[in-house]
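*Asks:* Return a 3D structure for these sequence lines:
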Amino acid sequence: MLILYRIYQFCFAFPLLLVLTIVTALVTGFGSIIFRGTWWGYYPPHLWSRAFCILSLVKVRIHGRENITENRSYVFIANHQGAYDIFAIYGYLGHRFKWMMKKSLEKMPFIGFACRCAGQIFVDNSSSAAVLRTMHEAESQLRDGISLVVFPEGSRTYTGKMGRFKRGAYQLSREFSMPLVPVTIDGAFEVLPRTAILPRYGTINLIIHRPVPAPETDAAMAEVMKKTFDTIKSGLPERYK
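*Replies:* Prediction:
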């Protein structure tokens, strides 16, 4: 079965996805420049991500969408199992948002261009002034029900188990008084772990947990970080806890 899947990937899925990726990046980038609305920065990548999962024979199941409100801004924090986390969230979360991502990703061909034009938030930790610029950029983007999605681990796991969370997402939550929404991603590690090159077919589950109020003090931030870490972890199978 896996041999047939690889033949399908190389002969059909990969060439089509390459074309779709370039077209989507150009449509997103130039659409955002010309029309200057949030529609072009969200919906073309949203449809591209769904197509990526469908053509990869990856099924995504959503649990707990009733826990969030459509026109409310949140800071979504999720564990980072693998590359398909991005497609699963972009394609199936069902809430308009901006990504908070590493500044190095800005240099990716086509995708970096699209992300810049769409107003994604690139994190620059090179200096205090750069961090302040990141905060100002985030403030200008997170309006009118637009949320933020962050992987607080900072990078993909090597083992499927969660790593230590960083404070950036929680600081933004506190600064802008936006509730935090823990999201558990399960199954993306089996589809494409960090140590693999080619994806496998499979199922990814997204569990949207109940929002947690923004921390108001440093002491509250530490408590909220632990609470959200434990909440996300609770949705994982035992082998990843």
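
*Asks:* When you work out contacts or count neighbours from here on, use the C-alpha atoms and nothing else.
*Replies:* OK.

*Asks:* Contacts for the strand or helix carrying residue 44 next, please.
*Replies:* Taking DSSP states H and E as the definition, residue 44 sits inside helix 38-55. Defining contact as CA atoms under 8 Å, 6 or more residues apart in numbering, one finds that helix 38-55 is touched by 13, 17, 20-21, 24-25, 27-29, 31-32, 59-60, 86-88, 90-92, 96-97, 114-115, 117-119.

*Asks:* Run through the neighbouring helices and strands of the lengthiest helix in the chain.
*Replies:* Of all the elements of type helix in the chain, the one with the most residues (DSSP state H) is helix 14-35. Judged by 3 or more CA pairs under 8 Å, 6 or more residues apart in numbering; DSSP states H and E, helix 14-35 is in contact with helix 38-55, helix 111-118.

*Asks:* So which of the ones you listed is nearest residue 236?
*Replies:* The closest approach between residue 236 and any of the helices and strands packed on helix 14-35, judged by CA to CA, belongs to helix 38-55 at 20.8 Å.

*Asks:* re the thing from before, just tell me which of the helices and strands packed on helix 14-35 ends up closest to residue 133.
*Replies:* Minimum separation from residue 133 across the helices and strands packed on helix 14-35 (CA to CA) falls at helix 111-118, 14.8 Å.

*Asks:* To residue 80, which of the helices and strands packed on helix 14-35 lies closest?
*Replies:* Evaluated with CA to CA, these place helix 38-55 nearest to residue 80, the distance being 16.5 Å.

*Asks:* Tell me the first helix or strand C-terminal of that closest one.
*Replies:* Moving on from helix 38-55 towards the C-terminus, the next helix or strand you reach (DSSP H and E) is strand 58-63.

*Asks:* related to what we said a few turns ago, for the record, mean pLDDT for the longest helix of the chain?
*Replies:* Model confidence over helix 14-35 averages 96 on the pLDDT scale.

*Asks:* Sounds good, over and out.
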